[in-house]
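In: the following block contains a protein sequence and its predicted model.
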Amino acid sequence: MGMNQRFRSIFLTLILLSACHAPPQAKKPIERAGEDTLSLTAGAAQNIRFFKSNILEFSEQLPLMGKISVVEDRTNVVPARVGGRIESVFIASGEFARKGQLLARLYSADYISAREEYLQALKKARKIQDKEQAADFENLSQMSRKRLEIMGLTSLDIEKISESDSSDSNLLPIHAPRDGFVMTKNATIGNLVNGGESLFIIADLKKVWFSGDVYPEDLSRIHQNQEVTIKSTEGSSFIPGKVSFVSPVVDPATRTIKIRALMDNSDNILRADMYVQGNLTLKRRKALLVPTQAIVRSQNDDIIFKKLNPLSSIERGFQGAQVKLTKVLVGQQGQGLTEIKEGIKDGDEVVSDGALLLYGALNEGH
């Protein structure tokens, strides 16, 4: 064998040996395994979430936009029961008041007169020995006491009248009639007020109204006691209520009809005049449901990735499946779920988180 042939043989042998020992090309986390199939490594599969499709009770819903308002019979006007001058104010607009809390004090000649009349009648009834005369003054003191109660004094206020010598005893105390937020405050120190004028408006917001707008063509499907759910903010939990009123008139400006639902607000999440999004439950039925985010809306089709049996060892495969939505559910989440008519069956595992990533990998290079 010549020298050149020997070198050529050694060179080819080295090339073959290096090829045999070359490291294998790294496998991609997501690869196409067929026209509509993807193969994922174990690591990639760990980042994908699955949802087992189920036939569940589904609420057919009508979306609503509406506003939160104060329930009328849970609102109290706190008036000036007699004319006078505001001497002090102890609460600001928007603050929470407890029932019986002192809100303000009012200087009033009518109050001072009634107070002195009560004190004089009380003293004479205690001093006079004659039982008939004492009874007359006792009746007079009770009438004077009733006059003070009409002015808004509590039993405790009246008891303190004869015990206190401070200047505050000449001022009429004004108390909160219930727990609630001060929605309106008209009382300002130094203002002269007439009897009957509103000083405060206090509202209990533990229950509130949701007022929503519906169109006349939907009116035939709406009735009292239907369930309404609303969300105060994106990501918050749903708050349930029931339709308590359907307006008999059409709003001339919006051409819509107002419906009203009483909502629980024990946590004070809802605020008066807040705009919220709601859903009116029209009816309930059984349906095959998947998370709305599992659906990828392409240009022509709605796509869902369904988990297949393992392709090999630790790999997992997913097959694209077309789904068809009913008209009523197109664009609606239905509390995060969407009805599937065709393409998958009950019990199929679908990709609920990561479907867009898989769709991009399936169409890579196309």
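Out: Cool, the structure landed. Remember, predicted model here, so these are calculated numbers, not experimental data. Residues are numbered from 1 along each chain as shown.
In: rest of the way, CA atoms for contacts and neighbours
Out: Fine.
In: confidence score at the residue nearest the centre of the chain?
Out: Computing the C-alpha centroid of the chain and ranking residues by C-alpha atoms, centre = their mean puts S232 first, at 3.1 Å. Predicted confidence (pLDDT) for S232: 76.
In: please name the nearest non-neighbouring residue to it.
Out: Computed as C-alpha to C-alpha, 6 or more residues apart in numbering, the closest residue to S232 that is not its neighbour in sequence is V276, at 5.7 Å.
In: OK, contacts around the one you found?
Out: Shown in contact with V276 (C-alpha atoms under 8 Å, 6 or more residues apart in numbering): M65, G66, K67, I68, I230, K231, S232, T233.
In: what is the nearest of those to P248?
Out: Lowest distance from P248 to these (C-alpha to C-alpha) belongs to G66, with 17.6 Å.
In: state the distance from the spatially closest residue to that closest one that is not a sequence neighbour to K185.
Out: The shortest distance from G66 to any non-neighbouring residue, by C-alpha to C-alpha, 6+ apart, is to G212 (4.1 Å). Using C-alpha to C-alpha, to the nearest Å, G212 is found at 28 Å from K185.
In: which one of those two has more residues nearby?
Out: Neighbours were counted for G212 and for K185 using other C-alpha atoms under 10 Å; G212 has more, 25 against 17.
In: about what we covered before: so the residue nearest to S232: helix, strand or coil?
Out: strand (DSSP: H, G, I helix; E, B strand; the rest coil).
In: show me the beta-bridge partners of it.
Out: For V276, the beta-bridge partners under DSSP bridges are G66.
In: and what of V89?
Out: A104.
In: how many neighbours does S141 have?
Out: 21.
In: and for E60?
Out: Quick note: E60 (other C-alpha under 10 Å) scores 17 neighbours.
In: does it touch K286 like I think?
Out: No. Under the criterion of C-alpha atoms under 8 Å, E60 makes no contact with K286, lying 10.2 Å away.
In: can you pull the residues that touch both of those two?
Out: With C-alpha under 8 Å, 6+ apart, E60 and K286 have no common neighbours.
In: how close does the residue nearest to S232 sit to P63?
Out: 11 Å.
In: before we move on, what about N54?
Out: Distance from N54 to P63, by C-alpha to C-alpha: 24 Å.
In: can you give me the strands for the stretch 101-250 of the chain?
Out: 102-107, 171-175, 180-185, 192-193, 198-203, 207-214, 227-231, 239-246 (DSSP state E, counting those that start in this stretch).
In: residue ranges with poor pLDDT in this protein?
Out: Along the chain, the model assigns pLDDT under 70 to residues 1-29, 31-34, 40-46, 125-138, 162-168, 234-235, 309-335, 364-366.
In: how's it carved up into domains?
Out: The record's domain parsing of the chain by automatic domain parsing lists 27-71+204-366, 73-203.
In: centre of the chain to the shortest one, how far?
Out: So the one you mean is domain 73-203. Between the centre of domain 73-203 and the centre of its chain there are 39 Å (C-alpha atoms, centre = their mean, to the nearest Å).
In: mind checking the end-to-end distance for that domain?
Out: 9 Å.
In: so where do the helices sit in the stretch 201-350 of the chain?
Out: Taking DSSP state H, counting those that start in this stretch as the criterion, the stretch 201-350 of the chain contains no helices.
In: then the stretch 51-200 of the chain?
Out: 109-127, 131-150, 155-161.
In: can you list the ones you listed in JSON lines and add distance to I303?
Out: Converted to JSON lines, these look like this (distance: least, C-alpha to C-alpha, whole Å):
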{"stretch": "helix 109-127", "distance to I303": "78"}
{"stretch": "helix 131-150", "distance to I303": "72"}
{"stretch": "helix 155-161", "distance to I303": "72"}
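In: and M274, what does it touch?
Out: Contacts of M274 by C-alpha under 8 Å, 6+ apart are K67, I68, S69.
In: if we use 6 Å, what do you get?
Out: K67, I68 (C-alpha atoms under 6 Å, 6 or more residues apart in numbering).
In: can you check A261 too?
Out: W209, F210, G241, K242, V243, S244.
In: hmm, try it at 7 Å
Out: Listed by C-alpha atoms under 7 Å, 6 or more residues apart in numbering, the contact partners of A261 are W209, F210, S211, G241, K242, V243, S244, F245.
In: restricted to buried residues, select these in ChimeraX.
Out: Of those, the buried ones go into a single ChimeraX selection, burial set by 16 or more other C-alpha atoms under 10 Å:
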select :209,210,211,241,242,243
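In: from the contacts of A261, pick the one nearest L362.
Out: Using C-alpha to C-alpha, the contacts of A261 come closest to L362 at G241, 44.4 Å.
In: so the closest one sits right up against V228, yeah?
Out: Yes. Counting by C-alpha atoms under 7 Å, G241 touches V228, with 5.1 Å between them.
In: I am finished for the moment; much appreciated.
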